[in-house]
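Return atomic coordinates for the entry below.
(2 chains)
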Number of protein chains: 2
Amino acid sequence: MDELTEPLVQGNRRALSRAITLIESTRPEHRARAVRLLSELPPRQALRIGLSGTPGVGKSTFIEAFGKMLTAQGLKVAVLAVDPSSARSGGSILGDKTRMETLSRDPLAFIRPSPSRAELGGVARRTRETVRLCEAAGFDVVLIETVGVGQSETLVAEMSDLFILLLAPAGGDELQGVKRGIMEIADIILVNKADGELRETAMRTVADYAGALRLLRKRPYDPKGFPKALPVSAYSGEGLDTAWAEMTELADWRRAEGHFDARRAEQARHWFLSELRAGLLARLDRPEVRSRLRKIGDAVARGDSDPDRAAAQMLGWLAGPGDSHDHPA
Amino acid sequence: MDELTEPLVQGNRRALSRAITLIESTRPEHRARAVRLLSELPPRQALRIGLSGTPGVGKSTFIEAFGKMLTAQGLKVAVLAVDPSSARSGGSILGDKTRMETLSRDPLAFIRPSPSRAELGGVARRTRETVRLCEAAGFDVVLIETVGVGQSETLVAEMSDLFILLLAPAGGDELQGVKRGIMEIADIILVNKADGELRETAMRTVADYAGALRLLRKRPYDPKGFPKALPVSAYSGEGLDTAWAEMTELADWRRAEGHFDARRAEQARHWFLSELRAGLLARLDRPEVRSRLRKIGDAVARGDSDPDRAAAQMLGWLAGPGDSHDHPA
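Residues are numbered from 1 along each chain as shown, chains lettered A, B, ... in the order given. Take a look at the predicted model:
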C-alpha cells in the first residue's frame, strides 16, 4: 500500500495535498504511483457540486459564504477549480486561496487551485482524480468551480452530481447572454447579489430565468419544480440555506430514484471513452511519429502529396504490420 | 484515366455533377474511384471565397446578385455550401437552387447544395474535394457559403483564400453578438441591406465594425487597410463592384507577397492533420472494437473498472502486438 493512502483516508490534509501533487505530475514514475494510489482508495462518496459563473458574479464570495455555512454544520468541504485560462496563461485565478481567505483558514475546508500549464483535457482528468482523493479523505461536499467559457462548463458538469449556475442580476435583454447549452445542463440557477439596491433586479432576473427554464425540455432526472432559479446574497448570506436545502432535496430525490448512481455510471462511461480518444490521439505526439508527421506535412504543404491521401498513408503506417483486426486481446 | 476526368476538365457540367456525387458517396468502391479521379486533376486555381452569415442577413440574395455580377464579366462561378444543420436534420437550406433562381439558370454558374446526412467532418472533406473538382472544371471563383453556427465558419475559412462575413444593419449594442473569433478570421465584413430606410443604419454598422476591426491584432497576411468593413446592397446591387474590387485587390496583394500560396500550403497541412486525427478516431467505429468498447464501458459504468485504467487497457489492445514504435514504414 502506498505510504500516502492511510493518512489520506484518515483525512490528513498534508497527505491529500501530496497525493494531488502526485496526480498533477506528468512524470511517468509519478503517474504510475498515482494510478496505484487511486486503486487503493475506499469507495466513499461526496456530493459533487459543479459551479459555474462568469467573472464578476461574485463566485469567490459565494463559495466563501456557502462553504462557511456548510462547515458551520460540521460538513467537510473541498473546493477545486477547472480553469480553462490556466491552460493558456500558465496561471489561474480560480481556486486562489487569497480570494477565499476565511474559508481557506477553516480546518474543515480544503481549497486547491486549478493545475497550471496543462491542457483542458489533462485538467479534466486530474480534477476527476482529485475529486476521488477528496472523497477518500472524507470530504462531504466537493465544489468544482469553473468560469463560463468554452468547454469547461460541460467538462465540470460531466464530473458533478449537481451543476449550479451562478449569475448576477441583469436586465431582461441580457438573459440571452447565457448560452442555451448551459441552461440545459444547469440543475439550479442562483442569482447572486440579491441584496440592497440590486435586490429587486435580482428577483426579476430570478423570475426571468425561472420562466426560461420552464421552456426547456423536461429532463427525466428532475423531480417536479426542477431545474429552478433562486435568489442568493453571498454578501448578506440570505438564501444560502434555501439553496443548500434545494440542492440536498434534488440529490436525495435522485438518489432515491436511482438517477444519482445512473448519472455517475454514465459519467464514468463518458470519461472512459474520452480518455480513450485522447490516448489514441496522443500517439501522434510520439517523437518518431512527430518527425514523420512533419516530413509528410511538408510534402503536403509543398503540394507533392494530397492531404487526404497522405493521411491515409500515415494511418496505414501507424497501424503497422501487426494491426490485423482480429489479433488476440 | 477515369471516364469523367476529360469531360470534367473540359467544363462539362454533367461530368462535374457526377464527379461530386461520386465524392459524396460513402461506398468503398466509389471512394476508391474518387481518390483516383482526384489524382488525375490538373492543377488549376480558382479564387476560393468563404462566405458566412446568419439566416436573415440576405445571404442567398447576396450570392445571387454577386454571382450574376461576376458571370456578367464572363467569370465562371461555383457555389458550394457547408451546412452544419444538414448533419442533424438530413436536409439543407444552404445551396438550395430555389433560393438563387436566376443564378442557377446561368450557364456560367454552378450551384451545389451541402451533402445531406453527413457529419461536419465528412462535409468538410467532401467540400474541399468538390472545390478541387470545380477548379479542375475551370471555375474562376468558388464561393463556399455557411451559416454562423458552431465550427462551420472555421471549417470554411480553412478551405478559403478569402473569408467574407455578411452582416445585417444593426444597432451598436448588437455588435457584440458577432463572436470575436469570427471577426478574427474575417478578411472583409460586408454589411448588407445598405439601401432605402436601412441605409443610414447600415453605414453606422459599417463604421462600428471598421472600428472593431482596427482594434484587432494586426495579421501578417493583410495589406494596409485590411481587414475592412464595407456596405453593400444585394437588392439594389450597390457596392457589389467595390466589394469585388477589394476582394481581388486583397487576393492579388497576397499572391504577390507569397501569402496566398503560403496560406494554401498551411491549409493543406492542417487538413492532412485533421484527416489523420479523424482517421485515427474512426478505428473506434470498427465493429469488433465497438462491441469491446461496449463491454468495457459497461464494466466501467458498473464501477468494476476505473475509466482511466480501462482506457489504458483498451489502448493497449488497440495497439496490438505489432505496434512496436520502430516498425518499418
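
going forward, measure contacts and count neighbours with C-alpha atoms only.
Noted.

Up against chain B, what does the stretch 151-300 of chain A have?
A:264-269, A:271-273, A:275-277, A:279-281, A:288, A:297-298, A:300 (Cα under 8 Å from any Cα of the partner chain).

Look up the closest residue to residue A:237, ignoring the ones flanking it.
residue A:65 (6.6 Å; Cα to Cα, 6 or more residues apart in numbering or on different chains).

can you give me the strands for chain A?
Under the criterion DSSP state E, strands of chain A are mapped to A:47-52, A:77-82, A:109-111, A:141-146, A:162-167, A:188-191, A:228-231.

Could you list every helix and strand that the longest helix anywhere in chain A packs against?
Counting by DSSP state H, the longest helix found in chain A is helix A:259-282. Applying 3 or more Cα pairs under 8 Å, 6 or more residues apart in numbering or on different chains; DSSP states H and E, one finds that helix A:259-282 makes contact with helix A:240-257, helix B:259-282, helix B:287-302, helix B:307-319.

go again using 7 Å as the cut-off
helix B:259-282, helix B:287-302, helix B:307-319 (3 or more Cα pairs under 7 Å, 6 or more residues apart in numbering or on different chains; DSSP states H and E).

Rebuild these as JSON lines, extending it with mean pLDDT and mean neighbour count.
Below are the helices and strands packed on helix A:259-282 laid out as JSON lines (pLDDT from 0 to 100; neighbours: other Cα atoms under 10 Å in any protein chain shown):
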{"stretch": "helix B:259-282", "mean pLDDT": "93", "mean neighbour count": "19"}
{"stretch": "helix B:287-302", "mean pLDDT": "94", "mean neighbour count": "17"}
{"stretch": "helix B:307-319", "mean pLDDT": "87", "mean neighbour count": "19"}
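
now those helices as JSON lines including distance to residue B:48?
Listed next are those as JSON lines, based on distance: least, Cα to Cα, whole Å:
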{"stretch": "helix B:259-282", "distance to residue B:48": "10"}
{"stretch": "helix B:287-302", "distance to residue B:48": "39"}
{"stretch": "helix B:307-319", "distance to residue B:48": "40"}
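
Near the residue nearest to residue A:237, how many other residues are there?
Applying other Cα atoms under 10 Å in any protein chain shown, we find 20 residues neighbouring residue A:65.

swap in residue A:286?
Count around residue A:286 with other Cα under 10 Å applied: 10.

Same check on residue A:256?
Residue A:256 is flanked by 11 other residues according to other Cα under 10 Å.

what's the answer for residue A:232, then?
By other Cα under 10 Å, neighbour count at residue A:232 equals 29.

my guess is it meets residue A:242, correct?
No - between residue A:232 and residue A:242 there is no contact under Cα atoms under 7 Å: 8.6 Å.

How much space separates residue A:203 from residue A:51?
In this view, residue A:203 and residue A:51 are 20 Å apart by Cα to Cα, to the nearest Å.

Now do residue A:39, the pLDDT please.
Note on residue A:39: pLDDT of 88.

again with residue A:153
At residue A:153, the model reports a pLDDT of 88.

that older thread, as JSON lines, the strands of chain A with distance to residue A:9 and mean pLDDT would be great.
Below are these laid out as JSON lines (distance: least, Cα to Cα, whole Å; pLDDT from 0 to 100):
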{"stretch": "strand A:47-52", "distance to residue A:9": "17", "mean pLDDT": "97"}
{"stretch": "strand A:77-82", "distance to residue A:9": "15", "mean pLDDT": "93"}
{"stretch": "strand A:109-111", "distance to residue A:9": "15", "mean pLDDT": "95"}
{"stretch": "strand A:141-146", "distance to residue A:9": "16", "mean pLDDT": "95"}
{"stretch": "strand A:162-167", "distance to residue A:9": "24", "mean pLDDT": "95"}
{"stretch": "strand A:188-191", "distance to residue A:9": "31", "mean pLDDT": "96"}
{"stretch": "strand A:228-231", "distance to residue A:9": "36", "mean pLDDT": "96"}
